[in-house]
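**Q** This is a predicted model, with the sequence first.
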Amino acid sequence: MAVLIVLAVVVTAVYAKTLMENTAVIAVESPYKAKVYTFALYPDGFRQVGKYEVAGEKSLALYLGSAKAAWMKEYSKNGRLSQPLILLVAMSEKGVDVKGVNLDWDDLKGKEVKLEFREDESLKRVISKLSTQFEQPQPLGDLYWAIEDSYEYTLPVVLSYVKPDSSTWGTMDYFYAINKKVGFSVNVFISSWSITEYNIIQKYDSGSAKASFTTGDDYYIWMNVRYRYEKWVYYLDDDPILTMELIFVKDFYPNTITKSTYKPWNAQLPEIDDWDYKGTYTSATYTYPYYELSVSNFGTDHFAIDCMKFIDILKTVGKISSKAVTAATSIGLFTDVDFKYDNVEAFYFGLALYSDPGITHTVRLAESEAATSAPQIYIKS
């Protein structure tokens, strides 16, 4: 009997330890009474994992054990691992707010989230119906989210591009370091596009390209990524009152990193909003570059890749709403890539420009601005 009691205590302790190690605590602060729904990213997409009522401050305990098991299986089978990503979708009588929380499987430390509800003319009908619910509260079961549609497509995206002037030649290279983390922004549309944190992916794979381009020749380096679209609908007593659309990179393929004097027909560059002046340089010798760019002097850990081509495909197959397409087109929506985590760059890129001595060149770097602002690795001289 004593042995059985000791065994039960040990099992209980192990279970409690496992539970604690796989539970994330998110402290949420809301200025209004709100219904908060939580979604976790799994290998196949987002799943709703919880629903809560929050007024003031409340700690939400999210058990992520099943998500972690799914990701460890995916990594073992396919060499793809995403760090935990939680979406919080909050509904109140004042509006709607979507927040993202990035965590780490090795350390699910608590995060703090402050909800902000901005009045939005396009959501008046939704807010009106929600206000009735908050005045005469209904069980949370009467309000729910359901995924209505999804779509995936693999596309090449331009990682770097150089447009040299008629007297410039040079080299350009790109490299992904195996198992390093890369974050791809999750773009969310309810009434406007916004970024809600990143899908942080690491691959048990590598890839590289090293190119030399001749005088005046454009040069590209690109890589395939797999985009995913999700459409979630919010119901009140089975009446759809709100739609949330998500676009994000589900996977990327370092072994497809490719170089050429042309880009694939189905790849495009993000919209350019500005050209950042990098300086005017006069070549001193044809054996030493008059301009060099690399991760060490890039000035940021972010760069932009295109997602409008994927939106064009979604439009063609009838998956995305016309409002989301119009809003994305108007701002030139792109995917923001964060290539540095744990103080380590996942991507290395380098560019060197040469010319005959005595020739002066002006160098500019493309900039894009939509839900956020980020440079492209796109240099013209």
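**A** Good, I have the coordinates. Numbers count the residues shown, from 1 in each chain.
**Q** Apart from its neighbours in sequence, what residue is nearest F334?
**A** Of all residues not flanking F334 in the chain, P270 sits nearest, at 3.9 Å (C-beta to C-beta, 6 or more residues apart in numbering). The way it works is simple: take the backbone N, C-alpha and C, and place the C-beta from them, glycine included.
**Q** Dihedrals phi and psi, that neighbour?
**A** The phi and psi values for P270, taken as degrees, to the nearest 10, are phi -60, psi 160.
**Q** check contacts around it.
**A** By C-beta atoms under 8 Å, 6 or more residues apart in numbering, the contact list for P270 reads A304, I305, D306, M308, G332, F334, S368, Q376.
**Q** show me the contacts for the closest residue to L103 other than its chain neighbours.
**A** Among residues not flanking L103 along the chain, P84 sits closest, at 4.1 Å (C-beta to C-beta, 6+ apart). Applying C-beta under 8 Å, 6+ apart, one finds that P84 lies in contact with A24, A40, L41, L64, A67, K68, N102, L103, D104, W105, L108.
**Q** Any of the residues you listed buried? List them.
**A** A24, A40, L41, L64, A67, K68, N102, L103, W105, L108 (16 or more other C-beta atoms under 10 Å).
**Q** shouldn't S260 be in contact with D218?
**A** No. When contacts are counted by C-beta atoms under 8 Å, S260 is not listed as touching D218 (9.7 Å).
**Q** wait, doesn't S212 sit right on T171?
**A** Yes. If you go by C-beta under 8 Å, S212 and T171 touch, sitting 5.2 Å apart.
**Q** With neighbour numbers in mind, choose between the two.
**A** Under the criterion of other C-beta atoms under 10 Å, the comparison of S212 against T171 puts T171 first, with 17 against 13.
**Q** quick one: the more buried one and F213, what's the gap?
**A** Using C-beta to C-beta, to the nearest Å, we find T171 at a distance of 8 Å from F213.
**Q** Point out where the protein drops to low pLDDT.
**A** In the predicted model, the chain carries pLDDT under 70 at residues 1-20, 120-141.
**Q** quick one, domains of it?
**A** 1-137, 151-231+246-381 (automatic domain parsing).
**Q** Distance to P240 added to those domains, as TSV?
**A** Listed next are the domains of the chain as TSV, based on distance: least, C-beta to C-beta, whole Å:
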stretch	distance to P240
domain 1-137	10
domain 151-231+246-381	11
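**Q** I'd guessed Y198 sits against D338; true?
**A** Yes. Under the criterion of C-beta under 8 Å, Y198 makes contact with D338 at 5.6 Å.
**Q** what's across from the residue most central in space within the chain in the sheet?
**A** Nearest to the geometric centre of the chain sits S185, at 1.7 Å (C-alpha atoms, centre = their mean). Residues in a beta bridge with S185, per DSSP bridges, are Y198.
**Q** Do a quick rundown of the helices in the stretch 51-200 of the chain.
**A** Here the stretch 51-200 of the chain has its helices, by DSSP state H, counting those that start in this stretch, at 65-78, 124-135.
**Q** picking that back up, please narrow the contacts of P270 to those residing in strands.
**A** A304, I305, D306, F334, S368, Q376 (DSSP state E).
**Q** quick one: which of those residues is most hemmed in?
**A** Result: A304 is most packed of those (other C-beta under 10 Å), 30 neighbours.
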